[in-house]
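**Student:** A predicted structure for the sequence below; I have some questions about it.
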There are 2 protein chains.
Amino acid sequence: MLHIALDAMGGDHAPRPEVEGALLAARELGVKVLLIGAPHVLRPALYAAGWTAEPIDILPAGEAVFMEERAVRAVRSKRNSSLRVGIAALKQGAAVGLVSAGHTGAIVAAATLYLGTIPGIARPALATVLPTLTGRRTLLLDIGANADCKPAMLDQFAVMGAAYAERVLGVVCPHVGLLSIGEESSKGNLLIRQSHALLRRQAPHRTFVFIGNVEGKDLYAGVADVVVCDGFTGNVVLKTSEGLAAAVLTLVQQTCAAASSSADVLSGLQRVRRQFDDAEYGGALLLGVPYPVVIAHGRSTGRAIYNAIRVARDAYVQNVGHQIAADAAVAVPTSPAHRNGVAQTYNKSV
Amino acid sequence: MLHIALDAMGGDHAPRPEVEGALLAARELGVKVLLIGAPHVLRPALYAAGWTAEPIDILPAGEAVFMEERAVRAVRSKRNSSLRVGIAALKQGAAVGLVSAGHTGAIVAAATLYLGTIPGIARPALATVLPTLTGRRTLLLDIGANADCKPAMLDQFAVMGAAYAERVLGVVCPHVGLLSIGEESSKGNLLIRQSHALLRRQAPHRTFVFIGNVEGKDLYAGVADVVVCDGFTGNVVLKTSEGLAAAVLTLVQQTCAAASSSADVLSGLQRVRRQFDDAEYGGALLLGVPYPVVIAHGRSTGRAIYNAIRVARDAYVQNVGHQIAADAAVAVPTSPAHRNGVAQTYNKSV
């Protein structure tokens, strides 16, 4: 039975959603959950949530990393934090995947520091699945692990995203787009124009199809299986989307409530809201480290934690890391110009 | 009577929406419209749309800049294009503002090349007003004029956006935020962290309040009067928003149509859709050039063109350019590190 480690001290409402998610996962996913936290808190919480014979072990951890802490400092100094205990469980082989609803920066830092990256991958990236109008799932990465990127990093994000789309989402020969502000290769900022040229040059060696630039309006239209961007842009896009979807639905709800009290309409709106709710997908996967690490939203429900555990299990079972390593290895080595590209031409004065 | 020049050959459906917008504006805004294009096309179109005594003149122009052309090349080579004729009308004092629904890049290039920028402003920026949940209008800039920016440019965007918010939107002491991926000053990419430090240092000399970083989720929540970002991020945000709002509303419409055929619900949805429709605001204003230049959406309706003419008129009447010049002049001169800041620390290898 696969063991998945679950940080029970990370989320905004920990440990309740974590305990509920662990029970759901242990019942339905065929995995054993290693719940990490203070045993004197977790044990009563498990019993209160109806724990009987579900395969759940408690891994003791004495402290937590808090949202307001500086990531690297907290990770280094808190050796007995639930996050460090979870990373250690991966490293020692006690678990094959880790889920946490904690401090994103701390999780990325801990994974990068203590697990390292897959050969050929310079930096891990955070990926999430967007809902689209056509039902096609579009994987967006990086959504926040790397605020400043180089062309070679975006090229590696394409390799990682394609591997995930193929292995876990089941897409044969995924279509990968580069997020920009126009379809032509000349459109975009310097990073994107250089990344476009690199992806184009590497295309013949790849198991995915590089479809060129895609625009913001394409993200929810289902035109690509994977969309690649730097972590600053990806994070802004994702948070803008969350805010806008909530705003539109709130306005619709107000309008419809005034116009009609039909329960059908309101339940329809609930369905649409759920479709744009991250709880349904289960968070972001950190691609590029040797083990599946899934970062759930801080305000995750038990259902969202359950989904995150499923994502971690699937990434392990489908051996995404192996395909990333294989695909990254066949890529043509990039020149220093691509690794440092932006700096070389960025040096114009205003 | 103020004269506003209107490029009648720019939009996707030119000249019909332009002719309709010109008539509406001439009737309701107290301005004379200088309609630019081929007289043998425009004159019959005006009569067909009901032109009688409304103050509209035709400025002859023999050619148009097309969407697929390279901006700078087209602007330079087509001396008799409707765009160049419009810019010349501004320069010669024949018009106090220009509206075009044409090629954004070409309009920005033509305005920058032939009008220059306001003293103290290195580059013009495109600004647009976002609808928010609270009804507060949030001006977002740059939404696409400058794909690569320096900290000093973002600082100038703040000055320009604040001047517009104060003069045209009527906000006393506007609140200006910097778009980033976390509220703390340490969050963001290098450009944003350096811009944050610069805006913070300049704050005591300013007539606006710098409220620090805002996140994507805040854009539609009405937390700021002005939000500043680089043109790449701004353009991606705007196009993502257009795509997502359309996707959410389409899903809601499908859901509600299935659940209920209530005409009230559908008309309510139409109202929400309009609120997120750029036609209502009338396009993007190019701030930083000495005359108001408004870029309407390529698929503008007559109503959108009318609104764009109103925006150009208001920007002129409220003397936004004057306030930008005054505010830019009092800013503390920036060091070379801020003008070239990104380049200096960008030079790390992957």
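**Tutor:** Perfect, thanks for sending it.

**Student:** Check whether the helix or strand where residue A:323 lies comes into contact with chain B.
**Tutor:** Assessed by DSSP states H and E, residue A:323 sits inside helix A:320-330. No. With CB under 8 Å from any CB of the partner chain as the criterion, chain B is not reached by helix A:320-330; the gap is at least 13.0 Å. Every residue, glycine included, has its C-beta placed from N, CA and C.

**Student:** Now that helix: buried residues?
**Tutor:** A:320-321, A:323-325, A:327-328 (16 or more other CB atoms under 10 Å in any protein chain shown).

**Student:** For the residues you listed, give me TSV that also has pLDDT.
**Tutor:** Converted to TSV, the buried residues of helix A:320-330 look like this (pLDDT from 0 to 100):
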residue	pLDDT
A:320	93
A:321	92
A:323	91
A:324	93
A:325	91
A:327	88
A:328	87
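
**Student:** would you turn those residues into TSV with distance to residue B:229?
**Tutor:** What follows is those, written out as TSV (distance: CB to CB, whole Å):
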residue	distance to residue B:229
A:320	33
A:321	35
A:323	36
A:324	32
A:325	36
A:327	33
A:328	32
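
**Student:** quick one: low-confidence parts of the stretch 251-350 of chain A?
**Tutor:** Along the stretch 251-350 of chain A, the parts satisfying pLDDT under 70 run over A:257-265, A:275-282, A:331-350.

**Student:** what about the strands in it?
**Tutor:** For the stretch 251-350 of chain A, the strands defined by DSSP state E, counting those that start in this stretch cover A:284-287, A:293-295.

**Student:** same question, the stretch 1-150 of chain A
**Tutor:** Using DSSP E, counting those that start in this stretch, strands in the stretch 1-150 of chain A cover A:2-7, A:31-37, A:56-60, A:97-100, A:125-130, A:138-141.

**Student:** looking at these, which is buried most?
**Tutor:** strand A:97-100 (a mean of 32; mean count of other CB atoms under 10 Å in any protein chain shown).

**Student:** So which elements touch that one?
**Tutor:** strand A:2-7, helix A:82-91, strand A:293-295, helix A:302-317 (3 or more CB pairs under 8 Å, 6 or more residues apart in numbering or on different chains; DSSP states H and E).

**Student:** Looking at the ones you listed, which is nearest to chain B?
**Tutor:** Nearest to chain B, of all those, is strand A:293-295, at 14.4 Å by CB to the nearest CB.

**Student:** neighbouring contacts of that closest one?
**Tutor:** With contact meaning CB atoms under 8 Å, 6 or more residues apart in numbering or on different chains, strand A:293-295 is reached by A:90, A:97-102, A:104, A:107-108, A:111, A:115, A:126, A:282-286, A:308-309, A:311-312, A:315.

**Student:** Sheet partners, orientation included, of it?
**Tutor:** Note on strand A:293-295: by DSSP bridges, its sheet partners are strand A:97-100 (parallel), strand A:284-287 (antiparallel).

**Student:** Can you pull the poorly scored residue ranges out of chain A?
**Tutor:** Low-confidence segments of chain A, defined by pLDDT under 70, span residues A:257-265, A:275-282, A:331-350.

**Student:** ok, 50 please
**Tutor:** A:279, A:341-350 (pLDDT under 50).

**Student:** How is it divided into domains?
**Tutor:** Residue ranges for each domain of chain A read A:1-115, A:119-281+A:320-343, as given by automatic domain parsing.

**Student:** for these, which one sits closest to residue B:165?
**Tutor:** Smallest distance to residue B:165 across these (CB to CB): 20.2 Å, for domain A:119-281+A:320-343.

**Student:** still on that earlier bit, out of the helices and strands packed on strand A:97-100, deepest packed?
**Tutor:** Comparing those by mean neighbour count (mean count of other CB under 10 Å), strand A:293-295 ranks first with a mean of 29.

**Student:** angle of the helix holding residue A:323 against helix A:302-317?
**Tutor:** 50 degrees (axes from the mean of the first three to the mean of the last three CA atoms, to 10 degrees).

**Student:** and helix A:320-330, what does it pack onto?
**Tutor:** Taking 3+ CB pairs under 8 Å, 6+ apart as contact, the helices and strands that helix A:320-330 lies on are helix A:151-167.

**Student:** Are the helix or strand following the helix it packs on and chain B in contact anywhere?
**Tutor:** Downstream of helix A:151-167, the next assigned helix or strand under DSSP H and E is strand A:175-179. Yes. Contact of strand A:175-179 with chain B (CB under 8 Å from any CB) involves residue A:179.

**Student:** Neighbouring strands - and their directions - for strand A:175-179?
**Tutor:** Strand pairing for strand A:175-179, using DSSP bridges, gives strand A:209-214 (parallel), strand A:226-228 (parallel).

**Student:** Mean neighbour count and distance to residue B:269 added to the ones you listed, as a markdown table?
**Tutor:** Below are the strands paired with strand A:175-179 laid out as a markdown table (neighbours: other CB atoms under 10 Å in any protein chain shown; distance: least, CB to CB, whole Å):
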| stretch | mean neighbour count | distance to residue B:269 |
| --- | --- | --- |
| strand A:209-214 | 20 | 28 |
| strand A:226-228 | 30 | 28 |
